[in-house]
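A.B. asks: Pasting the sequence and the predicted coordinates here, then a few questions.
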Amino acid sequence: MDILRLLATVFVICGHTVALAREFYCPGTAAFQILEFVTWLFTLSNLLFIMISGSLLLPVRGERPLTFFRKRFAKILLPLVVYYLLYIFAKQGITPFYPANLPALLRRILLGPPVEAPHFWLVYTIFWLYVLTPFLRYLLQNIPDSVMNGVMAALLLLAAADTYAPLFSVSLPVSGIADSFVIVFVFGYYLTERSGRTAERLTLIAGICSVLATGTIIFTQGGYDDYIYNNAPTAVFAAGAIVVLTKRLAEGRVTESLFTRLIGKYSFSILMIHWGVLHVAVKKILRVDVTSGGVIGGCLVMSVLTLVLSAAGAVLVDNTLVAAIRLVFSEISQGIARLFPSRNRKS
């Protein structure tokens, strides 16, 4: 899981960096198409983050929903709000935090990603998948292994039908499920917990074919965004192939590097903070961009600087601001528990 977190974190930073380089070229040119294809590869990070969440959360058994929400939301909701507010503060200063403006600020948080950090759409997606987790656990853990392969195949076919039906001027009433990333969430769980060698081999083959097909589409077609990005089947299979390859490469390993553990531990916070680091710390303060040392050199330097500074920022924020707020809430929770002690019941 730490290796997958590392890959997802590096991919998301490289993806946003290469996307900056792509803006220097006109659509249709060879350079633009190459950068578009590389950008697509790196945007698989979004699916990897979702698959990682599914593979970690869905296998857990015997955890009551209230216990899950109490434990897990403290790990995702609190950092989400803290980093959200940091973006607001960095852009608008202290004004939004005046008492009179707090209702509007709360409403902004509830409505979704801030304009200052559009990449938070992924964080909100993961949050809502957390909300569905107790129900999905009950559903999936009661499906026998002999049936799970068929269920997963049906879900992937559903996603394919929803993605490609518009090509035939057909609209299917399944978008609420297929476009919600629930299938990607479940696919991550399936590949790490329930799939056999045959399913893994099929995923690898489908992933390789998806990469080749996507490259062909980018270099020969136009108007393809709706059919290759987000949770399009080709992207899902390509990300699934990465999960399977990582799973096989990690078999038998008992140690990992300190760097892998560090990025793995703080990957969620790096995901949230990297946008500001890339666009402010690296571009504006350090004045490094994708033209520094050529496109390849510029993208590499920007990506490395963004990763290092984002990791440092995540470690700092998580162990100071987030930790302090978490401690305050813990003390309040314990105080409430002391005021209203639960009665012991005889078994």
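C.D. replies: Cool, the structure landed.

A.B. asks: What count of nearby residues applies to G62?
C.D. replies: G62: 7 surrounding residues under other Cβ atoms under 10 Å. Just so you know, the C-beta spots here come from the backbone N, C-alpha and C atoms, and that holds for glycine as well.

A.B. asks: and what of the one 5 residues further on?
C.D. replies: Number of residues near T67 (other Cβ under 10 Å) recorded here: 11.

A.B. asks: mind checking how far it is from V290?
C.D. replies: Here T67 is placed at a distance of 47 Å from V290 (Cβ to Cβ, to the nearest Å).

A.B. asks: looking at this structure, which helix or strand does the model trust least?
C.D. replies: Ranking every helix and strand in the chain by mean pLDDT, DSSP states H and E puts helix 175-178 at the bottom, with a mean of 66.

A.B. asks: after that one comes which helix or strand?
C.D. replies: Following helix 175-178 in sequence order, the next helix or strand is helix 182-189 (DSSP states H and E).

A.B. asks: Can you list the residue ranges for helices in the stretch 201-347 of the chain?
C.D. replies: Ranges of helices in the stretch 201-347 of the chain, per DSSP state H, counting those that start in this stretch, are 225-228, 233-250, 258-276, 294-317, 323-339.

A.B. asks: just checking, what's the longest helix in this protein?
C.D. replies: Assignment by DSSP state H gives helix 65-92 as the longest helix of the chain.

A.B. asks: For whatever helix or strand comes next after it, buried residues please.
C.D. replies: Toward the C-terminus, helix 65-92 is succeeded by helix 102-111 as the next helix or strand (DSSP H and E). Going by neighbour count (16 or more other Cβ atoms under 10 Å), the buried part of helix 102-111 is 105, 108.

A.B. asks: between helix 102-111 and helix 65-92, how big is the angle?
C.D. replies: Interaxial angle of helix 102-111 relative to helix 65-92 (axes from the mean of the first three to the mean of the last three Cα atoms, to 10 degrees): 120 degrees.

A.B. asks: how far is the next helix or strand after helix 102-111 from where the chain is centred?
C.D. replies: Under the assignment DSSP H and E, the closest C-terminal helix or strand after helix 102-111 is helix 120-141. Remark: helix 120-141 is offset 12 Å from the chain centroid, using Cα atoms, centre = their mean, to the nearest Å.

A.B. asks: returning to what we had before: nearest to L212, of the helices of the stretch 201-347 of the chain?
C.D. replies: helix 233-250 (9.6 Å; Cβ to Cβ).

A.B. asks: and the longest helix of the chain with helix 294-317, angle?
C.D. replies: Following the same axes, to 10 degrees, one obtains 120 degrees for the angle between helix 65-92 and helix 294-317.

A.B. asks: Helix 65-92 - what's its average pLDDT?
C.D. replies: Mean pLDDT, computed over helix 65-92, is 88.

A.B. asks: buried ones in that helix?
C.D. replies: In terms of neighbour count (16+ other Cβ under 10 Å), helix 65-92 has its buried residues at 68, 72, 78-80, 82-88.

A.B. asks: Likewise for stretch 213-230?
C.D. replies: 214-215, 217-218, 227-230.

A.B. asks: ok, those vs L129, which is closest?
C.D. replies: For the buried residues of stretch 213-230, the nearest to L129 is N230 (14.6 Å; Cβ to Cβ).
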